[in-house]
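S.K.: fold the following for me, if possible:
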Amino acid sequence: MTHHDDSRGSAPALFTAAARNVDGVDGESWIEGDGLRVAVAAPTGAARAGATNPEELLALSWATCLNAAARVVAGPGIEVEARAEISLHARTAGGYEFSGDAQLRFVGVPLDEARALAVAAHERCPVSRMLSGRSAVRVTAVA
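M.R.: Below you'll find the model as predicted:
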């Protein structure tokens, strides 16, 4: 599937990536069509040898999206560095959950201005908005 109409009243999708996995956290995940294929392994497992996991993939996605959003809100000529962490936690009720923490560095921008830009980037970034609805997510500016 390459097109998705959101039934919640949003505009039609501009792009849809469809990822597949039939092995859980030990096997392979891939993007449908001729897309990326990656070996996956449990993050707590001993045999990770070159494999990735949902935590790393989510952190990559968030850092990339957040950086792009930060560059828009900062304007041209401002260098932006984004760092995103996704942590895995055991739930007392059983199972697991993620938490997220991201930092944005706006090179040459005073910290008070950088904080406002970080808030604006967090609001603009679709990954941040998605994570904020279901996970403990925090974005802070760093000097």
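S.K.: so which residues of this protein form strands?
M.R.: Assigned by DSSP state E, the chain shows strands spanning 19-21, 27-31, 37-40, 80-90, 96-106, 136-141.
S.K.: so which of those is the most packed in?
M.R.: Greatest average neighbour count among these goes to strand 96-106 (a mean of 19), per mean count of other Cβ atoms under 10 Å. In short, each C-beta sits where N, CA and C put it, glycine included.
S.K.: how about CSV for the strands of the chain, with mean pLDDT and distance to residue 117 added?
M.R.: Output for those, formatted as CSV (pLDDT from 0 to 100; distance: least, Cβ to Cβ, whole Å):
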stretch, mean pLDDT, distance to residue 117
strand 19-21, 89, 31
strand 27-31, 92, 31
strand 37-40, 92, 32
strand 80-90, 96, 9
strand 96-106, 95, 6
strand 136-141, 59, 7
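S.K.: how far away is the residue lying closest to residue 101 once chain neighbours are set aside from residue 98?
M.R.: Distances taken as Cβ to Cβ, 6 or more residues apart in numbering place residue 85 nearest to residue 101, at 4.7 Å, with adjacent residues excluded. Note on residue 85: its distance to residue 98, by Cβ to Cβ, to the nearest Å, is 10 Å.
S.K.: residue nearest the centroid of this structure?
M.R.: residue 62 (2.2 Å; Cα atoms, centre = their mean).
S.K.: quick one: contacts for residue 96?
M.R.: Applying Cβ atoms under 8 Å, 6 or more residues apart in numbering to residue 96 gives the contacts 88, 89, 90.
S.K.: how about those residues in JSON lines, adding distance to residue 74?
M.R.: Formatted as JSON lines, the contacts of residue 96 follow (distance: Cβ to Cβ, whole Å):
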{"residue": "88", "distance to residue 74": "31"}
{"residue": "89", "distance to residue 74": "32"}
{"residue": "90", "distance to residue 74": "38"}
